[in-house]
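*Asks:* Task: produce atomic coordinates for the following.
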Amino acid sequence: MKTATKVAKPEKQEIRYFVDKITIEKAKQLAETHKEKAFGILHGIAKKLGKKAEIKAVGMIKRYEPFWHIIASFLTEYERKSKYKIYVDPVVKALEIGKDKFKIAEKQRKQNIVIVDATDICEIGKKKEMLVDATIEARKPEDIKHNSKFEKYLQCESKKIKEIETLVSKRTQVLDVRLKASFLVRSILQAIIYPVDADKILKEELSIEKLVLYFRPVYIFEYISYPKGDKRFIFVDALTEEVGFAKKLEKKKTSTSFTESTLFEIGGEAISTLIPGGEAAFKLFMHLKEYRKKKKFRA
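*Replies:* Predicted coordinates:
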């Protein structure tokens, strides 16, 4: 009997952005506090030597950086034929289990065992949750890695939007979403669909429980030191108040506007095509059945 894989559409499929926890004034204050640290020890030495060393803010932008939150699960229920050894007293010549009676061969009596044919009804489930940087250019499933630094943002307040243009303004940029939903889903499915030692598949259920694209806000301040003219960028996380530095600023931002419908080009039907038809694990790993035939007993 052929059993098709039951595929559930994502329960939660959205684009969301996090609401700032700090004001732009607070972000400016943090940047000012850290500006000398951004230019390092040489600036401090020049200042101590009495040289005219000055650091000025020359620009500011707000940038939204995307990451994915995905939760997927896979459940398989199946049958397999087994032979079990039951150890008995030497005087036992037959064994009744329920309504079934098992005679014990002479050779088995000498070994104090009875061998019982059985059918195992098994169930295996696997669930995987990942937070992935949406700006990476992944070429292989192995490139998709969980990034724990995003975990701290999930408790922050966020709001749903329908299109990225909602976030874009003259002084606000949005980084490109290079990692598409379809590739992410394919990768996580490869991680949770795995071999089952089965003779018959009874049920398979595949579920993408959550597929959310988040945008987190970062304030970026540009500073120049005089008279040398060195440039530094100070990053202030608008949610955690963490501060970072860089000598160069990545110029890439969203090249095209996209909406929720164009971003998530993957629904229940599309997900079902990511595995080779019904009975996915059964078809992918039939060689395990042949391997198991070589085993005489399951102790």
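
*Asks:* can you pull up the bridge partners for the residue nearest the centre of the chain?
*Replies:* Note on the chain: the residue nearest the mean C-alpha position is M130, at 2.1 Å, using Cα atoms, centre = their mean. Partner residues in beta bridges with M130, using DSSP bridges, are I70.

*Asks:* That one against I144, yeah?
*Replies:* Yes: here M130 reaches I144: they are 7.2 Å apart, a contact under Cβ atoms under 8 Å. In this view, the C-beta of every residue, glycine as well, is placed from N, C-alpha and C.

*Asks:* From I136, how far off is K152?
*Replies:* Distance of K152 to I136, computed by Cβ to Cβ, to the nearest Å: 19 Å.

*Asks:* about what we covered before: overlap in contacts of M130 and I144?
*Replies:* Among the neighbours of M130, those also in contact with I144 (Cβ atoms under 8 Å, 6 or more residues apart in numbering) are I188.

*Asks:* buried residues in the helix or strand hosting K35?
*Replies:* Using DSSP states H and E, K35 maps to helix 24-39. Along helix 24-39, the positions that meet the burial threshold by neighbour count (16 or more other Cβ atoms under 10 Å) are A27, K28, L30, A31, H34, K35, E36, A38, F39.

*Asks:* Between which two of those is the distance greatest?
*Replies:* Farthest apart among those by Cβ to Cβ are A27 and F39. That separation is 18.8 Å.

*Asks:* Any idea how far stretch 161-169 is from the middle of the chain?
*Replies:* Shown here is stretch 161-169, whose average C-alpha point lies 24 Å from the average C-alpha point of the whole chain (Cα atoms, centre = their mean, to the nearest Å).

*Asks:* Tabulate the CA atom coordinates of it in CSV.
*Replies:* Listed in CSV are the C-alpha atoms of stretch 161-169, where the atom choice follows Å, rounded to 0.1, in the frame of the first residue of the first chain:
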residue,chain,number,x,y,z
ILE,A,161,4.8,44.2,7.3
LYS,A,162,3.7,43.2,3.8
GLU,A,163,6.6,44.8,1.8
ILE,A,164,10.1,45.9,2.4
GLU,A,165,9.5,49.4,1.0
THR,A,166,7.7,50.1,4.4
LEU,A,167,11.2,50.3,6.0
VAL,A,168,13.1,52.2,3.3
SER,A,169,13.5,56.0,3.5
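
*Asks:* tell me the mean pLDDT for that stretch?
*Replies:* Per-residue pLDDT over stretch 161-169 has a mean of 83.

*Asks:* does L189 really touch L206, like I thought?
*Replies:* Yes: taking contact to mean Cβ under 8 Å, the distance of 7.3 Å between L189 and L206 places them in contact.

*Asks:* Look at these two and report which has more neighbours.
*Replies:* Neighbours around L189 and L206, counted as other Cβ atoms under 10 Å, are more numerous at L206. The numbers are 22 against 19.

*Asks:* give me the element that one is part of.
*Replies:* With elements delineated by DSSP H and E, L206 resides in strand 200-226, which encompasses its position.

*Asks:* could you give the angle of that strand to helix 24-39?
*Replies:* Taking axes from the mean of the first three to the mean of the last three Cα atoms, to 10 degrees, one finds that strand 200-226 is oriented at 80 degrees with respect to helix 24-39.

*Asks:* Parallel or antiparallel, which strands does strand 200-226 pair with?
*Replies:* Strand pairing for strand 200-226, determined by DSSP bridges: strand 5-8 (parallel), strand 12-18 (parallel), strand 54-87 (antiparallel), strand 231-237 (antiparallel).
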